[in-house]
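> Coordinates for the following, if possible.
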Amino acid sequence: MTELASYSFRNDPNVPPHDHDKGLIVFDNECIFCSSFIRFVFAHDPSGRFLFTAAQSPLGQALYRHYGLDTTDFSTNLVIVDGILHTKMDAFATAVRCLGFPWSLLAVVNLMPRRLVNAAYDLIAKNRYRIFGRYETCLVPSKELRARVIE
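Okay, the predicted model is just below:
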């Protein structure tokens, strides 16, 4: 877990309202790797536990600002579950844990030394566009996924 803000985003008047009963994943929608992760979570989340928003959206920008993160360098996905912010590899582990078995087994990454896994995460994040590519146009999600995306 990350302690980036002294008060909940729920009390921040600058954060647009959304359904707080669901988890929220904030992702870089220009990053092919990040968008693929969102499609993976969506495909394995039949109960609709998560909503999604792009880091570039008004909600994403407000959350990045709220947590004191750079609003132009989206080098971590944000996963917010039960009002708690998770970043970097902890964000990944939290998301897959919420998907249940067998995907929750991937949360084993949280048993590894945090410094090591976050260094690996940072290395991939820093080079994500070069390794995986970048969308030049906005990805058009399916109707089902679009229903769970907050613009």
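
> List the contacts of the helix-or-strand element of the chain with minimal mean pLDDT.
Least confident element among the helices and strands of the chain, by mean pLDDT, DSSP states H and E: helix 143-146 (a mean of 81). Contact partners of helix 143-146, identified using C-beta atoms under 8 Å, 6 or more residues apart in numbering, comprise I38, R39, F42, F52. No exception for glycine: its C-beta is placed from N, CA and C like everyone else's.

> Which PyMOL command selects the buried ones in those residues?
Buried members of the contacts of helix 143-146, defined by 16 or more other C-beta atoms under 10 Å, are picked up in PyMOL with:
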select buried, resi 38+42+52
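
> now, which of the contacts of helix 143-146 sits nearest D19?
Lowest distance from D19 to those (C-beta to C-beta) belongs to F52, with 11.7 Å.

> is it true that that closest one touches F37?
No: under the criterion of C-beta atoms under 8 Å, F52 is not in contact with F37, lying 10.0 Å apart.

> what is in contact with the two at once?
What both F52 and F37 touch, as defined by C-beta under 8 Å, 6+ apart, is the set F27.

> Chain neighbours aside, what residue packs nearest to V117?
Nearest residue to V117, sequence neighbours excluded (C-beta to C-beta, 6 or more residues apart in numbering): M89, at 4.3 Å.
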